[in-house]
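Chemist: just to be clear, the model below is a prediction. Sequence and coordinates:
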Amino acid sequence: MKGGDGSAEKKGKGSGGRAGRRVISDADRQYGRLTVFRRKVDRALDLIAGAARPLGVAVSGGKDSTVVLHLVRRVYPDAVAGFFHSGAELQDTLDWIEATPNVQTIPAGGGGLIELCKANGYWGHTPESDHPQVVDFGEALIYQPATAFIRRNRLATVALGLRAGESGGRRMSAQVRGTRYDVGYMSERVGWNVQHLCPIQWWTEDDVWAYIAVHDLTYNAAYDKMAAMGMTRKEQRISTLLGTDAAAYGRYVFLKRLDLELWNRLVAEFPLLLKYV
């Protein structure tokens, strides 16, 4: 299905503007004109058109969910999006959310990421209780807000910006589940069948940036800042800021330059972070 374009392609807060775009190249625009790439786009649009409705999109402010949201709104212009707010987001991410129409912001469970870590003794913080819990961060940051999003909008399908190439685990999951699959635990929570749809499951990073370039999409300005710092595309991630991945991949070194206010807030609560910069 070749859909029309039902969503705004605009520049403004969160885009960095054309002049400041460092992450996109002329090669992305050239690749985006090739037949092999257009076939991938048509395949993604067909998957979206064939999904059960109502259909919503989970967005993170990252490049992949930016593309999925645009693809979905080419087919269903009024599709709702949900942003699960951890309470510790880059300001550029929040700016992108604010600039994007029809996005519902749903807070994480347990008071958010910072409060969960403080209350239960993570990152060197003294627990607030004599019996701190082992926190299920997936439950608090993803499953609880996702349940609220699905219930609020009576969704049958949630489209995600997951790609197999992001990790070995995601590739294995993609091979087993495919691009559309039932989500049993979520169906049990809400009382009706819910599916996940991953329309760019087999896209590459270059595919994603080519789509953004060809459609001149507003994207998270943090990517241009990361590119300006010399980070490769593989290193550029919009991810949870108090996770072990951030430490392991050296993201705290860059966080200071990406969002000094957020960095100062996190360090004030968790001085242990200083050992990673």
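Modeler: Ah, there it is. Residues are numbered from 1 along each chain as shown.

Chemist: for the residue nearest to residue 61 when sequence neighbours are not counted, give its distance to residue 237.
Modeler: Using CB to CB, 6 or more residues apart in numbering and skipping the chain neighbours, the partner closest in space to residue 61 is residue 93 (3.7 Å). Heads up, the C-betas are built off the backbone N, CA and C, glycines and all. Going from residue 93 to residue 237 by CB to CB, to the nearest Å gives 12 Å.

Chemist: the more surrounded of these two?
Modeler: residue 93 (23 against 19; other CB atoms under 10 Å).

Chemist: return the residues in contact with that one.
Modeler: 60, 61, 220, 222, 238 (CB atoms under 8 Å, 6 or more residues apart in numbering).

Chemist: among the residues you listed, which are in helices?
Modeler: Judged by DSSP state H, helices contain the following of the contacts of residue 93: residue 222.

Chemist: and the contacts of residue 93, which is closest to residue 191?
Modeler: Nearest to residue 191 among these: residue 60, at 26.4 Å, using CB to CB.

Chemist: now do the same contact list for that closest one.
Modeler: Counted by CB under 8 Å, 6+ apart, residue 60 has contacts 83, 84, 93, 161, 238.

Chemist: so which of those residues is the closest to residue 44?
Modeler: Checking those one by one against residue 44 (CB to CB), the nearest turns out to be residue 161, at 11.1 Å.

Chemist: and stretch 177-197, how far out from the chain's middle?
Modeler: Offset of stretch 177-197 from its chain centre (CA atoms, centre = their mean, to the nearest Å): 19 Å.

Chemist: just to revisit the earlier point, list only buried entries from the contacts of residue 93.
Modeler: 60, 61, 220, 222, 238 (16 or more other CB atoms under 10 Å).

Chemist: wait, isn't the fourth one in contact with residue 94?
Modeler: Spelled out, it's residue 222. No: in this structure, residue 222 is not within contact of residue 94 by CB atoms under 8 Å, at 10.7 Å.
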